[in-house]
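# Test case, fold it:
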Amino acid sequence: MDPIPSPNPHPATPDLATRIKAWGEALGFQQVGIADTALGQAEARLMAWLGNDRHGTMDYMARHGRRRSRPAELIPGTLRVISVRMDYLPEPHDAIHAALDDPGKAFISRYALGRDYHKVLRRRLQKLVDRILAECGPFGHRVFVDSAPVLEKPLAEKAGLGWIGKHTNLIHPRAGSWFFLGEIYTDLALPVDAPIANHCGRCEACIEVCPTGAILAPYELDARLCISYLTIELTGTIPVELRPSIGNRVYGCDDCQLVCPWNRFARLATGPEFRPRHGLDGASLIELFAWDETTFLERTQGAPIRRIGHLRWLRNLAIALGNAPPSPAAVRALRERSDHPSGLVREHVQWALQRQGLRAAGNEV
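Numbering: from 1, shown residues only. Next up, the predicted model:
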């Protein structure tokens, strides 16, 4: 990427940092923090994670080497990172549990029910940049929302937005973990914020609840086992041995957040952007499996779900139907897709039909 353009570098002051935080909160961010670019410990963990192939098929995680953990190498001129968080929890925990516990319904990770967070946060971060420009004049900057090789959680941790929990998500003691992150890389030499202490203590609820055992140990996640990776990032066949543990989760997984005791302090999102659309918070598996590609594209326009495409959508739903209670309706729905042009879809449909048959005969697998 090109260096940060900064024709007239503006001297940063503590007062400017205070005003940036106030402007950010006025734009709807729940918190704004500032970090330096030293990520040595996070870099060591990243290199070990990649060395153990725990990123699976996510080759982009290794493609940029250490530029991911060295902001000034990714964007020359970067001195500070302005990190923000925005709440997205769309409904109370009881409603989320009810959807997850109904095997006939499709469970979609709650971050994906509303509008695409990339666009929502990017627009607001750009407004924050515009406000700083109006105050300071030209300064060097780049805006990121999960869109480049950025270690957003370690940066947010350094900026005082929370600590990285044992499930590897960021946790704030008064807000839990149901929030998005975004960043502004800048050449402004702003005063940095202090990190907050880790308060996970002896709790290992997230490790114990993970359906596939993807959290191997505290702070160690193997993406290859994670349901979010399997249903979103993985483009091919989902390993047979992991399919039963996926249950009715057709896009992502929220189990480790649902069980985290700090999320009793989580607050519902205040704006309309992340509210469920098209009834996806309570739709049945059979209903969604009947969507053709045109319907899928129409119903997921402007939503994160669209990125997996119709074939992976059907693949995931086929697994969930295989895990659903045996029923003639589920079998009929699966048979209607048994001759699908995609070999990926056909293979998962056949597995689901076999599983439905075995379970109907009382041979649980």
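# What is the burial count for Asp292?
Asp292 has 10 neighbours, counted by other CB atoms under 10 Å. The C-beta positions use only the backbone N, C-alpha and C, and glycine is treated the same way.
# and what of the one 3 residues further on?
When neighbours are defined as other CB under 10 Å, Thr295 has 13 of them.
# That one should be in a helix, yeah?
Yes: counting by DSSP: H, G, I helix; E, B strand; the rest coil, Thr295 is located in a helix.
# Show the pLDDT at it.
With respect to pLDDT, Thr295 scores 98.
# Residues touching the helix or strand harbouring Asp94, excluding its own?
Assigned by DSSP states H and E, Asp94 belongs to helix 93-100. Applying CB atoms under 8 Å, 6 or more residues apart in numbering, the contact partners of helix 93-100 are Lys105, Phe107, Arg110, Gly247, Asn248, Arg249, Asp254, Asp255, Leu258, Asn263, Asp281, Gly282.
# low pLDDT regions in the stretch 251-365 of the chain?
Applying pLDDT under 70 to the stretch 251-365 of the chain flags the ranges 363-365.
# Check whether Pro92 really touches Leu268, as I assumed.
Yes: between Pro92 and Leu268 there is a contact at 7.3 Å, judged by CB atoms under 8 Å.
# can you give me the helices in the stretch 151-300 of the chain?
Listed in chain order, the helices of the stretch 151-300 of the chain (DSSP state H, counting those that start in this stretch) span 152-158, 205-209, 227-228, 243-246, 255-258, 285-289, 293-299.
# which one of the ones you listed lies closest to Ser338?
Each of the helices of the stretch 151-300 of the chain has some distance to Ser338 by CB to CB; the shortest is helix 285-289, at 12.1 Å.
# by contact count, what packs against that closest one?
helix 309-323, helix 328-335 (3 or more CB pairs under 8 Å, 6 or more residues apart in numbering; DSSP states H and E).
# So which of those is the most surrounded?
Each of these was assessed for mean neighbour count using mean count of other CB atoms under 10 Å. The highest is helix 309-323, with a mean of 24.
# for that one, the distance to its chain's centre please.
Centre-to-centre, helix 309-323 and its host chain are 19 Å apart (CA atoms, centre = their mean, to the nearest Å).
# From the contact counts, what lies against the longest helix along the chain?
Longest helix in the chain by number of residues (criterion: DSSP state H): helix 117-136. Contact here means 3+ CB pairs under 8 Å, 6+ apart; on that basis helix 117-136 packs against helix 14-26, strand 80-87, strand 141-144, strand 179-186.
# can you tell me the average pLDDT over the second one?
What strand 80-87 shows for mean pLDDT is 98.
# Quick one: mean pLDDT over the helix holding Asp94.
Helix 93-100 comes out at a mean pLDDT of 97.
# who does whichever helix or strand comes after that helix touch, helix- and strand-wise?
Per DSSP H and E, the first helix or strand lying C-terminal to helix 93-100 is strand 107-108. With contacts taken as 3+ CB pairs under 8 Å, 6+ apart, strand 107-108 sits against strand 249-251.
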